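1. Here is a sequence together with a model predicted from it:
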Protein chains: 2
Amino acid sequence: MGFRGNSVHSSKRMLFLDLVLSLFRLNGLLIAEGDDMTEALGLTSARWKVIGVIALSSAGLTVPGIARVLGQSRQAVQRITDVMVTDGLLSYQTNPKHKRSVLVVLTEQGKTAYQALRDVQDPWAIENTEDIPIEDLDAGLRLVRRLIQKFDK
Amino acid sequence: MGFRGNSVHSSKRMLFLDLVLSLFRLNGLLIAEGDDMTEALGLTSARWKVIGVIALSSAGLTVPGIARVLGQSRQAVQRITDVMVTDGLLSYQTNPKHKRSVLVVLTEQGKTAYQALRDVQDPWAIENTEDIPIEDLDAGLRLVRRLIQKFDK
DNA sequence: AGTCAAATGACAACATGCTGACATAGCTTG
DNA sequence: CAAGCTATGTCAGCATGTTGTCATTTGACT
């Protein structure tokens, strides 16, 4: 057996490398989960990430702003939002603070999609954490945040 | 602020969703780290994942076998290994157990690349964990494994 | 032995991410 | 105010991943 299932770590170094590889694997599984879950809504993982960011922002967000929150390139986000505008989920709104950089907002259809997303995401989150103590989740989140800070200069 | 930095979770559900989004972000940062680290070696994240899996396997591995370890599609792995064979890092070897599905092995150049990978990866792992208790890493890995099992049915 | 489902290779289409390059808008600083 | 640095939009090329399809090989079961 290769990387998976190796529970013997001769050092902190090996433990960390095992954690990194496991994180790659979990990342792929989570995206697959998200895609399956939102398939019926006409969404994909890339799209509900964007919808989620916009829905949670009180003020308006520009494309580079969304990219900064997600930690992605502005070009990648721009491509997604352009398609989502075409599909009627988002619309661009004049930005009083910048002549060229418009604000991205949810259309009515986009708000409906967000609600539908919540309707499947919430039960999914509850179901998959019911046997995990909240302290474990909290500790995991703190570790992940610590690593993010380390690599996000 | 948006998803990041939100430390107030009204429920386990919110905590979990925050964790998932943070994992997406960390995943991107780790790939960027790996790419930067191995740039001088002519490797990319996709390539050192493959090299790592092969190097750690005692017996020979087929392309679908590598894909299963990494949790990716066999087609994605096939494309990477084809290029790596062209580049001289890997070679295909007749598989006594299967007429069509060949074994993927490291060439001498591939072994050299793996050693070079270790030479940069090990100090990186040590450096980035020196201020994190081994218990925290272990608990994090156990949580990640638990989630992987949940989604990898 | 014969049949049939699963695994594999090969190819194609597509989604998502990155970087680079260039022009323009906005801001800071002299 | 002018110059210059930074942020943004836009376009292009590329790497990496997914799914779908089809033919062939394996292996299991009757």
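-> Looks like it came in fine.
2. State whether residue A:91 is indeed within a strand.
-> Yes - the assignment for residue A:91 (DSSP: H, G, I helix; E, B strand; the rest coil) places it in a strand.
3. Does stretch A:142-153 reach chain B?
-> Yes - Stretch A:142-153 reaches chain B (Cβ under 8 Å from any Cβ of the partner chain) through A:143, A:144, A:145, A:146, A:147, A:148, A:150, A:151, A:152. To be clear about C-beta, it is placed using only N, CA and C from the backbone, and glycine gets the same treatment.
4. What about those, which one has the most neighbours?
-> Highest neighbour count within those, by other Cβ atoms under 10 Å in any protein chain shown: residue A:147, with 25 neighbours.
5. so it makes contact with residue B:26?
-> Yes - counting by Cβ atoms under 8 Å, residue A:147 sits close enough to residue B:26 to count as a contact (5.7 Å).
6. ok so, going back, list just the nearest of the residues of stretch A:142-153 next to chain B to DNA strand D.
-> Within the set of these, residue A:152 lies nearest DNA strand D; the separation is 15.3 Å, counting by Cβ to the nearest atom of the strand.
7. Pull the contacting residues for that closest one.
-> A:71, B:25, B:29 (Cβ atoms under 8 Å, 6 or more residues apart in numbering or on different chains).
8. Residue A:31 now?
-> The contact partners of residue A:31, by Cβ under 8 Å, 6+ apart, come to A:45, B:24.
9. mind redoing it with 6 Å?
-> residue A:45 (Cβ atoms under 6 Å, 6 or more residues apart in numbering or on different chains).
10. tell me which element it falls in.
-> Assigned by DSSP states H and E, residue A:31 belongs to helix A:12-38.
11. what's the angle from that helix to helix B:12-38?
-> Counting by axes from the mean of the first three to the mean of the last three Cα atoms, to 10 degrees, helix A:12-38 lies at 120 degrees to helix B:12-38.
12. I'd like the average pLDDT over the following helix or strand past helix A:12-38.
-> Once helix A:12-38 ends, the next helix or strand along the chain (criterion: DSSP H and E) is helix A:45-56. For helix A:45-56, mean pLDDT is 92.
13. what does stretch A:114-132 give?
-> In this model, stretch A:114-132 has an average pLDDT of 91.
14. quick one: contacts for residue A:105?
-> Residues near residue A:105 by Cβ under 6 Å, 6+ apart: A:91, A:93.
15. C-terminal to the helix or strand hosting it, what's the next element?
-> Per DSSP H and E: residue A:105 is located in strand A:103-106. Per DSSP H and E, strand A:103-106 leads on to helix A:108-127 as the next helix or strand towards the C-terminus.
16. can you tell if that following helix touches DNA strand C?
-> No - using Cβ under 7 Å from any atom of the strand, helix A:108-127 stays clear of DNA strand C, coming no nearer than 13.6 Å.
17. For that helix, give me every contacting residue.
-> Helix A:108-127 has contacts (Cβ under 6 Å, 6+ apart) with A:37, A:41, A:48, A:51, A:55, A:88, A:89, A:90, B:13, B:16, B:17.
18. what does chain A put close to DNA strand D?
-> Residues of chain A that fall close to DNA strand D, judged by Cβ under 7 Å from any atom of the strand: A:28, A:32, A:62-65, A:74-75, A:78, A:98, A:100-102.
19. before we move on, back to that, work out the sheet partners of the strand holding residue A:105 and label each with its direction, please.
-> In its sheet, strand A:103-106 lies beside strand A:61-62 (antiparallel), strand A:90-93 (antiparallel), with partners assigned from DSSP bridges.
20. any low-confidence regions in chain A?
-> For chain A, the stretches flagged by pLDDT under 70 are A:1-10, A:153.
21. Quick one: residues contacting residue A:79.
-> With Cβ under 6 Å, 6+ apart, residue A:79 has no contacts at all.
22. Quick check, central residue of chain A?
-> Most central in chain A under Cα atoms, centre = their mean is residue A:49, positioned 4.4 Å from the mean C-alpha point.
23. Report the contact partners of it.
-> Residue A:49 sits in contact with residue A:70, where contact means Cβ under 6 Å, 6+ apart.
24. what about it, distance to DNA strand D?
-> Using Cβ to the nearest atom of the strand, to the nearest Å, we find residue A:49 at a distance of 16 Å from DNA strand D.
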